[in-house]
Structure formats: C-alpha cells, structure tokens
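Peer 1: Sequence first, then the predicted structure:
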Amino acid sequence: MTDSASALDQAERNLDQSLDRLFALMRVPSISTDPAYAGQCRQAAQLLADELGELGFAARVAPTPGHPMVVAHHEGEGPHVLFYGHYDVQPVDPLSLWRRDPFDPVLETRGDGSKAIVGRGASDDKGQLRTFIEACRAWKQAEGKLPCRVTILFEGEEESGSESLEPFLRANAEELKADFALICDTSMWDTATPGITIGLRGMAGGQVTVRGPSRDLHSGLYGGPARNPIQVLADILSDLKDADGHVTLPGFYDGVHPLSADVQASWDALGFDGAAFLKDVGLSVPAGEKGVGVLEQSWARPTAEINGIWGGYTGEGFKTVIPAEAHAKVSFRLVGDQDPDQVWAAFEAHVRERLPADCTASFIPRGGSRAISLASDSPPLAATRAALDAEWGKSALLASGGSIPVVNSIRSILGMDSVMVGFALNDDNIHSPNEKYDLNSFNKGIRSWVRILGRLGAMAETGETVPA
C-alpha cells in the first residue's frame, strides 16, 4: 500500500473539521511547568485519548509522578512505528504582547493573503501532532485501516524538563518498542521546502569556578601582586580556541566525521546565504572555524561556547575590588561520535593545567548527551523522503538541528532510531507571544503524513527491512 489518493482526498474534505479539532485542543491551557494547570494538562491528555479511541486505537491516559502520558495502539500490516509528540505548552508571559487571548485560537489572514493559525501551541506541538492524527483519520475513513502498525506516545512534560519520560519509557519498554520512531517536533527549511532531520548535536557543559585570594581585596592595596581570578579565568577560556577558530582540547575532534556526499549535495542545493544569516542578527564576519561554511558550522561542526562569566562587583556604580573568585558557564555542542564525558574531562584538565600558583578550580558538570546521526539511505528515511518529495514537488532537505532529548531517550532505552519530520517554520514564534502555524503547514503536513504512512506500509510489500 503506497500513496492513497482516496486518503488524500479525504484529508482535504476533513480540513475544516481538522482545524476545529485543533482549536479545541489549543483552548485547553496545558501549561506543564505551572502546577496550577495540572488539571488542564490531564484534560488535554483525556481529550486526545478519547479521540484516538474513537478512531479505533486502544488508547489510555497513563499516570506518571508528573503529568500523564497518552498511549495508544492500532494494529496494521507492515512495519511498526512509534509516533511521539507532546500536548503540553509553554507559559504565555508576557501576556501584554499577545494580540488576543493565547488560548482563544484564530485563523488570521495576512497581508499577502496567506493564512496562519495563531495561539499557544499552534506550532509547538499541538498543530504538529494534530497533522499525524488527522492523517490517521483520513486513512481510516478512506480505507478502513492504517497502512502500518502504529503506537502513539504523547508526553505532557516536554516543556518542563520531561522528568517522567525516561522512567516511563523504561517501565513500559516492552509495550512501546517498535521498529522505529516518528517525531514531529522539527521544522521545514522554508515555506516550500520540507526537511528531514538526520542529525542532532549533543551537549556537554557546566560551570567552572576559579578561586584565588581568601577574600575580596582592595585593588589600591593589592593590585599588581595579588592574583586576580577573573583575569586567570579569562586567560584560560581564551585558550579554548586557536587563531583559526579550532577548539584546542586534546582529542576534541575524535569522532567528528565529514559530511556524506548525499547530505552535502542537499545543502549545496539550498543556495544558503551565510552573510544574510549573520546580518539578521547584526553581524557580518563568520567567527567559527576558518574554511568551514556558516551552514556547516551551524549544523555539522562541534562548538565550544562561553555562555556566562561573572565575578567581583557587578552592581551599579564602581567598586575597585580584586575578587576572591570568578565563574563561567561553558557548553560544547557535539556531533558524530564525540563522547560528552570525555569532552568535559578534557575541559577540566585544560583548566587545571593552566592554573597559576595560589589558584584552585572547582566544577559543576550539568550532564551531557551524545549527538544523533542517522543514515541518510535507511529504508524508513528513504520512504519518508520519497513521500515528502511527492507532496511538495521538490527534494526534502536532509537537515541537522539542535538537541531533542527524546531522540536520545528513545535510542538508549527502546533501542530505536527516529525519523524526524515536522512542518514548523522559523518565524512561528515558538515559546513567544503570538505563536502561529501556517495553514499551509497544517494542510500539507496532514497530506505529507498520509503519504509517509503509505510509503512506510509499502516497505513490507517490497521486502525492505527496517533498522535492526
């Protein structure tokens, strides 16, 4: 079973009602980070479970120590897929910047005639997960079945740290195990170019404190002979990179791989303007590794960044003090097979080796995660790419992105890779006032999932295998 013309037609006929169902979900203020909205989070979970039950899924609201999960299963032939999304949303502050009530969604018509769904959760992630549900609905109404076996997991704490997610995955691993996962919490390249995220950068990071004198000192008395921890820390951090922008930690680039020809061709076809990318944020000269393009730096190269630095007197006015200690927060974005523990250990060694007499250092690591790299030619990804190409009329971008913790959790606990496809846009104001989701993203997102499900179902007919 491949693309279903009848299911696509059904999706088109359903569009107005699909919007109504999205608006009903968006009206529920499922703000997970605020305990005052615990009841609304459960209301959103129950709404989704009831709806999936009406579609023929065996669905339930599963309690956790935090907000509940929604788990649903539907039988089908072909591969077994686990679809992940989240029903919780960010707080709406500052409320004064919204054009209307954040939980009173509306379809707005813009000056160019295009339309957008506006309200909290429109793009992140209620509109995105709704596209998948509506694709399943279209298949069921048109064909009476789904083209593959589907398990759905909707989380209620993604916007507040996902504390319950990994314990839930471990406790329910046998039930949730599938051939691979589908994740919709990603974006397109632009309004006409769909994307498949095949790489996510990992992370290592934490805080370093350098201590010198036993107390803050008056610089008029001790300036010169007394060691200044701020100066010491600044010198140490400046040594993290050489003059060409390369990170100097020994072994830092172990596990960093070159781009594949397929991915490089996909990126070259974009016509990406690095100068315009920097100009949008008031910059003009690339500051990373020399000889590496801006897009490759952003998507496929590791980084070392100083995220905060402080010490001494930082209040209003002026105080001539030599501080007793100085602090910095440092993070490393990782790619390929880089080991976050190894990178952080190398950073600690880098600091200690450069400490002068009378100074000590302490560290607070903040944990880490490995990068995710997916084979661009795997059967599920190839099927997904063919489906997107058919719907959008152009080749889907093979993109890389920031960290999505659930992908690592699914891989490490359930032993599954993920195919990441979403239809958000960079201007959707995610986490900000006046969040929106283009109607075209919503409509063609539904149609794309109809095609993807069909292509995935056809894998069994053609004898293609899924990842082991």
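Peer 2: That came through, no problem.
Peer 1: Now do the strands in the stretch 101-250 of the chain.
Peer 2: Secondary structure of the stretch 101-250 of the chain (DSSP state E, counting those that start in this stretch): strands at 106-109, 115-118, 149-155, 180-183, 195-200, 202-211, 217-218.
Peer 1: weakest of those strands by average pLDDT?
Peer 2: Mean pLDDT values for those show the minimum at strand 195-200, a mean of 90.
Peer 1: In this structure, which residue sits furthest out from the middle?
Peer 2: residue 221 (51.5 Å; C-alpha atoms, centre = their mean).
Peer 1: measure that residue to residue 321 for me?
Peer 2: Distance of residue 221 to residue 321, given as C-beta to C-beta, to the nearest Å: 11 Å. In short, each C-beta sits where N, CA and C put it, glycine included.
Peer 1: cool, and residue 280?
Peer 2: Applying C-beta to C-beta to residue 280 and residue 321 gives a distance of 39 Å.
Peer 1: between these two, which one's more packed in?
Peer 2: Of the pair residue 280 and residue 321, residue 321 is the one with more neighbours under other C-beta atoms under 10 Å, namely 16 against 8.
Peer 1: residues of the strand or helix carrying residue 446 that come out buried?
Peer 2: Taking DSSP states H and E as the criterion, residue 446 maps to helix 439-461. In terms of neighbour count (16 or more other C-beta atoms under 10 Å), helix 439-461 has its buried residues at 439, 441-460.
Peer 1: Could you check how many residues crowd around residue 198?
Peer 2: Taking other C-beta under 10 Å as the neighbour definition, residue 198 ends up with a count of 27.
Peer 1: wait, isn't it in contact with residue 266?
Peer 2: No - between residue 198 and residue 266 there is no contact, the gap being 9.4 Å when judged by C-beta atoms under 8 Å.
Peer 1: Contact partners for residue 49?
Peer 2: For residue 49, the contacting residues are 59, 60, 61, 70, 72, by C-beta atoms under 8 Å, 6 or more residues apart in numbering.
Peer 1: With residue 373 instead?
Peer 2: With contact set as C-beta under 8 Å, 6+ apart, residue 373 has these partners: 198, 199, 257, 335, 336, 337.
Peer 1: now swap in residue 430 and tell me
Peer 2: Residue 430 sits in contact with 123, 124, 424, where contact means C-beta under 8 Å, 6+ apart.
Peer 1: do you know how far the second one is from residue 185?
Peer 2: It stands for residue 124. Noted for residue 124: a distance of 7 Å to residue 185, by C-beta to C-beta.
Peer 1: The residue lying closest to residue 320 once chain neighbours are set aside: neighbour count?
Peer 2: The shortest distance from residue 320 to any non-neighbouring residue, by C-beta to C-beta, 6 or more residues apart in numbering, is to residue 219 (4.4 Å). Residue 219 is surrounded by 15 other residues when neighbours are defined as other C-beta under 10 Å.
Peer 1: can you pull the pLDDT of residue 219?
Peer 2: Residue 219 is assigned a pLDDT of 95 by the prediction.
Peer 1: go on, residue 467?
Peer 2: Among the per-residue scores, residue 467 holds a pLDDT of 47.
Peer 1: Can you list the low-confidence ranges for the chain?
Peer 2: Within the chain, the stretches with pLDDT under 70 are 1-3, 460-468.
Peer 1: show me the residues around residue 213 that make contact.
Peer 2: Residues near residue 213 by C-beta under 8 Å, 6+ apart: 222, 226, 227, 322, 324, 358.
Peer 1: Doesn't residue 377 belong to a strand?
Peer 2: No - when classified by DSSP: H, G, I helix; E, B strand; the rest coil, residue 377 is found to be coil rather than part of a strand.
Peer 1: Apart from its chain neighbours, what residue comes closest to it?
Peer 2: Nearest-residue entry for residue 377: residue 262, 7.1 Å, with adjacent residues in sequence omitted and distances by C-beta to C-beta, 6+ apart.
Peer 1: pretty sure the one you found contacts residue 375?
Peer 2: No - Residue 262 sits out of contact with residue 375 when judged by C-beta under 8 Å, with a separation of 9.9 Å.
Peer 1: picking that back up, can you tell me which of the contacts of residue 373 are classed as buried?
Peer 2: Buried subset of the contacts of residue 373 (neighbour count, 16+ other C-beta under 10 Å): 198, 199, 335, 336.
Peer 1: circling back: okay, the contacts of residue 373 in TSV with distance to residue 15 next?
Peer 2: Putting the contacts of residue 373 into TSV (distance: C-beta to C-beta, whole Å) gives the following:
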residue	distance to residue 15
198	30
199	33
257	43
335	39
336	42
337	44
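Peer 1: Now do the buried residues in stretch 152-161.
Peer 2: So, applying 16+ other C-beta under 10 Å, buried residues of stretch 152-161: 152, 153, 154, 155, 156, 157, 158, 159, 160.
Peer 1: what does it contact?
Peer 2: Contacts to stretch 152-161, defined as C-beta under 8 Å, 6+ apart, come from residues 30-33, 41, 44-45, 48, 52, 57, 59, 64, 66-73, 82-90, 125, 129, 132, 162-165, 176, 185, 406.
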